[in-house]
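>>> Below are the sequence and a predicted model; questions follow.
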Amino acid sequence: MITHQDMVDLYGRDNVITLPEQEADRLGVTPQDAEVLTTVGLPRGSAPFFTTEVRGGPEFLRVIDVTTRDGKKHREVIVGGPPGDSGMRFSLSAYERFVMLVQLDGTKPRAEVVNNNLGEFVEFLYRIERFTQGIAADPTAKEELLDDLRGALMDIDPFSFELSENWWAMALRQLGGGGLGL
């Protein structure tokens with residue numbers, strides 16, 4: 001797992017958000033996810049797929065509590081969104097630990113699990129940022145770096161690539177120049 005220092009080295013100190021323990025407690029997330037939020041952190045932005053500086057609501061770190069039809073309590077915490085898309089948010093399922101991409105537009109919100117937990121999500125963002133910085137430094141290495149990235153991400157969370165329509169599968173196609181494939 002990556003460390004806070006890894007994040008700072010890649011994004012810069014001012015571009016990594018860590019929370020005080022009291023704030024993580026307020027969010028009501030699991031101890032594992034609280035540790036990511038308090039000791040590793042989230043990037044303020046990780047182009048082209050993530051930002052904490054979302055436009056409109058729900059805003060960053062907004063807690064959304066719902067009761068399901070069968071009476072179970074459920075909590076989502078907004079952790080960011082795709083840059084420039086006010087209709088989508090990444091949310092952390094406080095009890096189940098999944099990170100989901102939620103589409104807010106329309107009459108019924110839709111959601112897709114993008115990672116099994118917050119640690120994997122942050123690791124994906126970190127590795128994608130390293131890839132984008134790597135090709136900026138050496139564009140001729142794009143194919144090799146993309147193959148390395150794909151392999152590393154599949155090792156971390158193979159579920160994220162089971163279907164070609166999954167968020168990260170589409171994101172990697174976009175990084176490779178193949179567009180989103182919608």
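Noted; the coordinates are in hand.
>>> Check the protein and tell me which residue is nearest its centre.
Phe121 (4.5 Å; C-alpha atoms, centre = their mean).
>>> quick one: secondary structure of that one?
helix (DSSP: H, G, I helix; E, B strand; the rest coil).
>>> Which residues are in contact with it?
The contact partners of Phe121, by C-beta atoms under 8 Å, 6 or more residues apart in numbering, come to 79, 90, 99, 114-115. Where you see a C-beta, it was placed from the backbone N, CA and C, and this is true even at glycine.
>>> could you dump those to a markdown table with neighbour count and pLDDT?
Converted to a markdown table, those look like this (neighbours: other C-beta atoms under 10 Å; pLDDT from 0 to 100):
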| residue | neighbour count | pLDDT |
| --- | --- | --- |
| Val79 | 27 | 98 |
| Phe90 | 27 | 98 |
| Val99 | 24 | 97 |
| Val114 | 22 | 95 |
| Asn115 | 26 | 95 |
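>>> Against Asp138, how distant is the residue nearest to the centre of the chain?
With the distance defined as C-beta to C-beta, to the nearest Å, Phe121 ends up 27 Å from Asp138.
>>> other SSEs contacting the longest strand seen in the chain?
Selection of the longest strand in the chain by residue count, based on DSSP state E, yields strand 73-80. Judged by 3 or more C-beta pairs under 8 Å, 6 or more residues apart in numbering; DSSP states H and E, strand 73-80 is in contact with strand 63-67, strand 88-93, strand 99-103.
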